[in-house]
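Visitor: Dropping a prediction and its sequence here:
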Amino acid sequence: MSIIYDALKKTQKNRESNLSITSSTIPVSFSIQKKKKRSIYIITTLAVALSLVFYFFTPHKEPIKVTQKTVQAQPIKLNSSHGLVLDGLFVSDTNKVAMINHQMVRIGSVINNMTVVAITSKSVKLKQGDQVFVLSPVV
């Protein structure tokens, strides 16, 4: 029986030596590549999972529909009876200035409760509420 017992022990030692792989027998580059692949797999999985969570669990808002009504107001020509006199106009590529009642006004200025909306080389458009007025120089 000792021969069988010795043979079994020898076989078991051979098996253990073949199965036990130490870190010195694994190439370093192989273990690093395996770690890189694992980390890339984990990062990719997390990115996909987060994208799906954000897509399915964030509320989707409907776009706001804007309707616009355009009303064409007919300009009314002003004369000196309205209390406004166009003294002069200065129009260039970068500047548009008008002199009304000896006051210098630009687009957006308010004079006599009227807002200057446009200045051209021949006239000034003023707006009061829904009414649009055109002021031309007195000839």
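Guide: On my side now, so go ahead. Residues are numbered from 1 along each chain as shown.

Visitor: Quick check: which ranges of the protein have low pLDDT?
Guide: Along the chain, the parts satisfying pLDDT under 70 run over 1, 18-31, 60-82, 138-139.

Visitor: For residue 44, grab phi and psi.
Guide: Main-chain torsions, residue 44, degrees, to the nearest 10: phi -60, psi -40.

Visitor: For residue 52, pull up the helix or strand it's in.
Guide: Using DSSP states H and E, the element containing residue 52 is helix 28-57.

Visitor: May I see the buried residues of that helix?
Guide: For helix 28-57, the neighbour count (16 or more other CB atoms under 10 Å) marks no residue as buried. In short, each C-beta sits where N, CA and C put it, glycine included.

Visitor: ditto for stretch 111-123
Guide: 111, 114, 116, 119, 123.

Visitor: burial of the spatially closest residue to the fourth one that is not a sequence neighbour, as a residue count?
Guide: Nearest residue to residue 119 in three dimensions, chain neighbours excluded: residue 96, at 4.0 Å (CB to CB, 6 or more residues apart in numbering). Other residues near residue 96 number 18, with proximity taken as other CB atoms under 10 Å.

Visitor: show me where the protein has strands.
Guide: 76-77, 86-91, 96-100, 103-105, 110-111, 114-119, 124-128, 131-135 (DSSP state E).

Visitor: What is the third one packed up against?
Guide: To tie it back to what came earlier, the one meant is strand 96-100. strand 86-91, strand 103-105, strand 114-119 (3 or more CB pairs under 8 Å, 6 or more residues apart in numbering; DSSP states H and E).

Visitor: re earlier: wait, the residue nearest to residue 119 touches residue 107, no?
Guide: Yes: with contact defined as CB atoms under 8 Å, residue 96 counts as touching residue 107 (6.2 Å).

Visitor: Can you work out which residues contact both of these two?
Guide: residue 119 (CB atoms under 8 Å, 6 or more residues apart in numbering).
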